[in-house]
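Chemist: just a sequence and a predicted model for now, questions to come.
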Amino acid sequence: MTPLIAHPSPKFGGETDLPGDKSISHRALIFSALAEGTSKVTGLLVSDDVRATEEAVKAFGAHIERDTEGLLITGRDWESPSDPIDCGNSGTSARLLMGAAAGFEGLSARFIGDESLSSRPMGRVMTPLRRMGAVFTGDDTLPIDLVGAKLGGIDYASPVASAQVKSAILLAGLQTDAPVRVVEPHLSRDHTEVMLAQFGVDGAMDEVENGIAISLGDNRKLSATRIDVPGDPSSAAFAWAAGAMIPGASVTTRRVCVNATRTGFVEMLERMGAKVTLSNQTVLSGEPVADVTVAHDRLEPISLSAEEVPALIDEIPILACVAAMADGESVFEGIAELKVKESDRIGATAAGLIANGVTAAPGEDSLRIFGKGKVAGGRIISTRHDHRIAMAFLTLGLAAESAITVDNADPIATSFPDFTAIMRGLGGVITAR
Ligand SMILES: O=C(O)C1=C[C@@H](OP(=O)(O)O)[C@@H](O)[C@H](O)C1
Ligand SMILES: C=C(OP(=O)(O)O)C(=O)O
């Protein structure tokens, strides 16, 4: 357990690069490991979650080498790993890998994870994958055993807008010729669809009565390619939040992914009153990227509705912290999915805010924050082994009246090991206890 203290930091600002996007990094590894030929991946995120996926695809038989630019990954038909696939803390690893492995006949694998991951629901991917013909033993939670089988098609209406569920089905669908379609109630991040096209697989997206339908086309053979991973907007969010909250601050993050399914947070900051500018817009491996500048201004409270949630699902704890710095009541609705992340993020966020002098009302599917234009701070919060909770409250501590301590900053390594260095580089005062 490594506690860290974030102190009020009135001189925050500047420019920074960011590590690679976590979602795109997981996918680059998995897709390359399934593709025919050798793919090159640059800018891959170095973090515990992505390392879990890298170790897994090696265990399934992919060959990985490094050169000066990045990784060279040679794909193949996946085979049984000799040891359990340890997904650590990473829901994306577990759910996407189960889908990707499900259609290899004769393969058998056990999926395991840490205590937090072992309490998160896996039935949401096992149900549709079983319907396609996959054979699992285990209930809703890890450890789960998979026996690869010949898969058929599926037309699946997902009850949740989850990119992990959608991606598990599409990845499994690569091993069958039968029709594969997933309908989600609202569009979740579409990095799988973007990357399928990069690897030469066609698909389609249509608006339908009950949501957004994504289907695979006829060509499902992945051909090796090059993927350059852009910066992670979910990591940039902490620098942007500090830029929005601290008077006089202006922060520029270079070459960040600005795919519209991921820009919900920065759009909310703009709606709240922060000044947001995009420059140097371009496209990297099918993903839109830009330099994003966020500068402080007076912040207004906001309302967040269910259809807006997927585009900022991982940013809700930090959005709640920013809302606490606005003057008035902010309401977030349709956020029940937060209860099945690395921690119950509705409860953890509300508890951290309340401890630091903010009035907040958590619900089953909602969170209300009664902002007063400032946050007292001064208290220690429990991160509940959740990286996003740790980073959100360290960021709030930079803007609060008194320092905020997080009891354990270790989980930050799962998604953004450079968090402390980057925030310090921008003027954030973060010290050990
Ligand atoms: O597909 C992905 O890469 C992810 C999807 C999201 O999860 P859900 O799809 O379960 O909402 C997100 O919370 C997670 O950090 C990464
Ligand atoms: C929810 C997250 O990741 P995962 O589901 O991959 O554990 C996250 O990074 O906030």
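Modeler: Sure thing, it's come through. Values in this document were obtained by computation on a predicted structure and should not be read as measured data. Ligands and ions are numbered 1, 2, ... in the order given.

Chemist: quick one, strands of the stretch 201-350 of the chain?
Modeler: Taking DSSP state E, counting those that start in this stretch, the strands of the stretch 201-350 of the chain run over residues 203-208, 211-216, 226-228, 250-257, 275-284, 287-295, 303-304, 327-333.

Chemist: need the contact list for the nearest residue to S402 once chain neighbours are set aside.
Modeler: In space, and not counting its chain neighbours, S402 is closest to G378: 3.5 Å by Cβ to Cβ, 6 or more residues apart in numbering. Backbone N, C-alpha and C define where each C-beta goes, glycine included. The contact partners of G378, by Cβ atoms under 8 Å, 6 or more residues apart in numbering, come to 356-357, 400-404.

Chemist: cool, and A109?
Modeler: 60, 80-81, 84-85, 101, 145-146.

Chemist: of the residues you listed, which belong to helices?
Modeler: For the contacts of A109, the ones inside helices are A101, with DSSP state H as the criterion.

Chemist: picking that back up, pick the one among the contacts of G378 closest to ligand 1.
Modeler: Distance to ligand 1, by Cβ to the nearest ligand atom, is smallest for I404 among the contacts of G378, at 23.5 Å.

Chemist: so the closest residue to the closest one other than its chain neighbours versus G217, what's the distance?
Modeler: Nearest residue to I404, sequence neighbours excluded (Cβ to Cβ, 6+ apart): G397, at 3.2 Å. G397 is 49 Å from G217, where distance means Cβ to Cβ, to the nearest Å.

Chemist: how many other residues sit next to the residue lying closest to G61 once chain neighbours are set aside?
Modeler: Excluding the flanking residues, the one nearest G61 by Cβ to Cβ, 6+ apart is E79, at 4.6 Å. As a burial measure, E79 scores 16 neighbours (other Cβ atoms under 10 Å).

Chemist: which phi and psi does E79 have?
Modeler: For E79, the backbone dihedrals (degrees, to the nearest 10) come out as phi -120, psi 170.

Chemist: count the residues that sit near the residue of the stretch 301-433 of the chain found nearest ligand 2.
Modeler: Nearest residue of the stretch 301-433 of the chain to ligand 2: D314, at 3.9 Å (Cβ to the nearest ligand atom). Here the number of neighbours of D314 (other Cβ under 10 Å) works out to 24.

Chemist: list the residues that contact it.
Modeler: 234, 237, 341, 388.

Chemist: mind putting the contacts of G378 in JSON lines, distance to ligand 1 and secondary structure included?
Modeler: Formatted as JSON lines, the contacts of G378 follow (distance: Cβ to the nearest ligand atom, whole Å; DSSP: H, G, I helix; E, B strand; the rest coil):
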{"residue": "N356", "distance to ligand 1": "25", "secondary structure": "coil"}
{"residue": "G357", "distance to ligand 1": "29", "secondary structure": "coil"}
{"residue": "A400", "distance to ligand 1": "26", "secondary structure": "coil"}
{"residue": "E401", "distance to ligand 1": "31", "secondary structure": "coil"}
{"residue": "S402", "distance to ligand 1": "31", "secondary structure": "strand"}
{"residue": "A403", "distance to ligand 1": "28", "secondary structure": "coil"}
{"residue": "I404", "distance to ligand 1": "24", "secondary structure": "strand"}
